[in-house]
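Peer 1: sequence first, predicted model second:
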Amino acid sequence: MMFSPEIETIDRKALREMQLERLKYIVRYAYENVPMYRRRFDAIGLKPEHIRTLKDIELIPYTTKDDLRDNYPFGMFAVPMKKIIRLHASSGTTGKPVVGGYTRKDLDNWSTCIARILTMAGATDEDIFHVAFGYGLFTGGFGLHYGVEKLGATVVPVSSGNTERQLMLMKDFGATALIATPSYAMYLAETAKSKGILPDLKLRLICMGAEASTAEMHESLQKLFGAFPTENYGLTEVGGPGVSGECREKAGMHINEDMFYPEIVDIEHNRVLGEGELGEMVITTLTKEGMPVLRYRTKDITSITYEPCRCGRTLARMSRVVGRTDDMLIIRGVNVFPSQIESVLMSMDELGKMYEIVVDRVNYMDTIEVRVEVDDASLLTDYSKLEALVAKIKHNLRVVLQLDVKVKLVEPFSIRRTEGKVKRVIDLRKK
Ligand code: DLL
């Protein structure tokens, strides 16, 4: 099933024509209505009419988070406030948040994108969606909410918090689909398992997003819940969730290319990369009225394929996000992504599903310690088993990372859970 079959199966040539037309329009629109873009263009003598082909997008300077911060709160808006009917903002752990403004048409396009993604995950209007994303300035809660409504399914706007109550409601309301961050979905699964209520849940679908997850994490969730996990991607700067999502093939996330024009760039040389090459995702919004963004540097590392998918969709697919350029750890000169560590830990049945990574510097040497919960607490009192398991984890990590990692096994539920986005890395070097 497809929500917008005419777009989702569009011929690439026709799509490129549509994208070019929209690109030309949005570039002129941004130039004429957002002072920051006018200044940027004027400074290098670039005029909207210089954009004649899709490749000409490379003439346009990148937009960064700092640009959005410098124009906080509403300086990037292209319409008067009267036309903005919703605001959202990123949580922004440091400094000012990033603010997004939406016109009525933006909200309508947004829910279309979400309805497409939920449909490609296998949802129908008969599903009961338990939305455990936070409702508020975060784009996840309201973003998914209106997408579920547009699909015509039932939405249960639980928001985040109170895990046991969430499970009670999932059971009592017969939720068939869960929307949550992967870490929170796992928290719900572990809690349901420990309370013995997993068999009472009717979930068949878990739609996740807002943070990185691995294939191994999806497998664990599938086993625990007996439901099909998919993931989707987006960011506040370009509107929130709905940029892309996985279909049943789970062979990458289909990008809503009629609304978002993706590029992958080489982080060091800022050069645009080709199909299949790993680099930073750069996004241009093709339809946003409230806050158009040209060539936004997401910092998310991924790759794109334009091969049509076995599901019948022709929309390009981005691979799972490997990590962010700003959360790549450099340990004694070796690049480490937390997702590599997760892949190792999640594939070991003896381990629980919660872990954290502590990085420090001792005597000018970087150290890295992985703390991971065991699945069964009794293991912690069996010294020889414990030692063997630690050795096995270290070995598996060494194979993937080419690095010696300290491993500490801890009791189930001893690492603090979060209800929104999880923070896996504690970097004490930054103190
Ligand atoms: O997290 C939007 C969203 C909400 C997406 C719900 C999907 C579902 P922000 O809070 O602005 O917006 O955070 C955006 O989160 O740049 C990525 O680094 C990360 N992120 C989002 N989705 C994924 C994903 C929302 N599927 C930032 N995989 C992005 C990996 C993701 N990282």
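Peer 2: That came in fine, so what should we check first? Numbering: from 1, shown residues only.

Peer 1: could you pull out the helices in the chain for me?
Peer 2: 5-8, 12-33, 35-43, 65-70, 104-120, 139-151, 163-173, 182-194, 215-225, 338-346, 383-401 (DSSP state H).

Peer 1: nearest to residue 240, of these?
Peer 2: Among the helices of the chain, helix 139-151 comes nearest to residue 240, with 2.7 Å by Cβ to Cβ. (Each C-beta comes from the backbone N, C-alpha and C, glycine too.)

Peer 1: ok and that closest one relative to helix 104-120, angle-wise?
Peer 2: Using axes from the mean of the first three to the mean of the last three Cα atoms, to 10 degrees, the inter-axis angle of helix 139-151 relative to helix 104-120 is 80 degrees.

Peer 1: list the buried residues for helix 139-151?
Peer 2: 139, 140, 141, 142, 143, 144, 145, 146, 147, 148, 150, 151 (16 or more other Cβ atoms under 10 Å).

Peer 1: would you mind putting the helices of the chain into TSV with mean pLDDT and distance to the ligand alongside?
Peer 2: TSV is the format used below for the helices of the chain (pLDDT from 0 to 100; distance: least, Cβ to the nearest ligand atom, whole Å):
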stretch	mean pLDDT	distance to the ligand
helix 5-8	98	19
helix 12-33	98	20
helix 35-43	98	19
helix 65-70	94	10
helix 104-120	98	9
helix 139-151	98	4
helix 163-173	97	17
helix 182-194	96	8
helix 215-225	96	11
helix 338-346	94	9
helix 383-401	96	19
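
Peer 1: and those: which comes nearest residue 276?
Peer 2: helix 12-33 (16.0 Å).

Peer 1: counting contacts, what elements does the closest one pack onto?
Peer 2: Judged by 3 or more Cβ pairs under 8 Å, 6 or more residues apart in numbering; DSSP states H and E, the packing partners of helix 12-33 are helix 35-43, strand 260-265, strand 279-285.

Peer 1: reformat those into JSON lines and put distance to residue 363 and mean neighbour count next to each item.
Peer 2: Putting the helices and strands packed on helix 12-33 into JSON lines (distance: least, Cβ to Cβ, whole Å; neighbours: other Cβ atoms under 10 Å) gives the following:
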{"stretch": "helix 35-43", "distance to residue 363": "46", "mean neighbour count": "15"}
{"stretch": "strand 260-265", "distance to residue 363": "38", "mean neighbour count": "20"}
{"stretch": "strand 279-285", "distance to residue 363": "34", "mean neighbour count": "23"}
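
Peer 1: so which of the helices of the chain is nearest residue 239?
Peer 2: Of those, nearest to residue 239 by Cβ to Cβ is helix 104-120, at 5.8 Å.

Peer 1: buried residues in the closest one?
Peer 2: Applying 16+ other Cβ under 10 Å to helix 104-120 flags 106-107, 109-120 as buried.

Peer 1: so what secondary structure elements neighbour it?
Peer 2: Counting by 3+ Cβ pairs under 8 Å, 6+ apart, helix 104-120 packs on helix 5-8, helix 139-151, strand 240-246.

Peer 1: quick check, the last one touching the ligand?
Peer 2: Yes. Judged by Cβ under 6 Å from any ligand atom, strand 240-246 comes into contact with the ligand at 240, 241.

Peer 1: just stretch 77-97 next, same as before
Peer 2: Yes. Using Cβ under 6 Å from any ligand atom, stretch 77-97 reaches the ligand at 90, 91.

Peer 1: how about the CA coordinates for that stretch, as PDB?
Peer 2: What follows is stretch 77-97 as a C-alpha-only set of coordinates in PDB (Å, rounded to 0.1, in the frame of the first residue of the first chain):
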ATOM      1  CA  PHE A  77      11.000  32.900   8.400                       C
ATOM      2  CA  ALA A  78       9.900  33.800   4.900                       C
ATOM      3  CA  VAL A  79       6.400  34.900   5.800                       C
ATOM      4  CA  PRO A  80       4.800  37.300   8.300                       C
ATOM      5  CA  MET A  81       4.000  35.800  11.700                       C
ATOM      6  CA  LYS A  82       0.300  36.100  10.800                       C
ATOM      7  CA  LYS A  83       0.800  33.200   8.400                       C
ATOM      8  CA  ILE A  84       2.700  31.000  10.900                       C
ATOM      9  CA  ILE A  85       0.300  28.800  12.700                       C
ATOM     10  CA  ARG A  86       2.700  26.600  14.600                       C
ATOM     11  CA  LEU A  87       6.100  26.800  16.200                       C
ATOM     12  CA  HIS A  88       8.400  23.900  17.100                       C
ATOM     13  CA  ALA A  89      12.000  23.900  18.500                       C
ATOM     14  CA  SER A  90      14.800  21.500  19.000                       C
ATOM     15  CA  SER A  91      15.800  20.600  22.500                       C
ATOM     16  CA  GLY A  92      19.300  22.000  21.900                       C
ATOM     17  CA  THR A  93      21.400  20.800  24.700                       C
ATOM     18  CA  THR A  94      23.800  23.800  24.300                       C
ATOM     19  CA  GLY A  95      22.800  27.400  23.500                       C
ATOM     20  CA  LYS A  96      19.700  28.500  21.900                       C
ATOM     21  CA  PRO A  97      17.300  26.000  20.300                       C
END
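
Peer 1: which residues touch the residue lying closest to residue 95 once chain neighbours are set aside?
Peer 2: Computed as Cβ to Cβ, 6 or more residues apart in numbering, the closest residue to residue 95 that is not its neighbour in sequence is residue 69, at 6.3 Å. The neighbours of residue 69, taking Cβ atoms under 8 Å, 6 or more residues apart in numbering as the test, are 95, 96, 98.

Peer 1: out of those residues, which end up buried?
Peer 2: Buried among the contacts of residue 69 (16+ other Cβ under 10 Å): residue 98.

Peer 1: quick check, nearest of the contacts of residue 69 to residue 402?
Peer 2: Of the contacts of residue 69, the one sitting nearest to residue 402 (Cβ to Cβ) turns out to be residue 95, at 34.8 Å.

Peer 1: tell me which of the contacts of residue 69 is nearest to the ligand?
Peer 2: For the contacts of residue 69, the residue nearest the ligand by Cβ to the nearest ligand atom is residue 98; the value is 6.8 Å.

Peer 1: that closest one contacts residue 87, correct?
Peer 2: No. With contact defined as Cβ atoms under 8 Å, residue 98 does not count as touching residue 87 (11.2 Å).

Peer 1: give me the common contacts of the two.
Peer 2: With Cβ under 8 Å, 6+ apart, residue 98 and residue 87 have no common neighbours.

Peer 1: which residues touch the residue of the stretch 151-300 of the chain found nearest the ligand?
Peer 2: Using Cβ to the nearest ligand atom, the single residue of the stretch 151-300 of the chain nearest to the ligand is residue 209, 2.7 Å away. With contact set as Cβ under 8 Å, 6+ apart, residue 209 has these partners: 140, 181, 231, 232, 233, 234, 241, 245.
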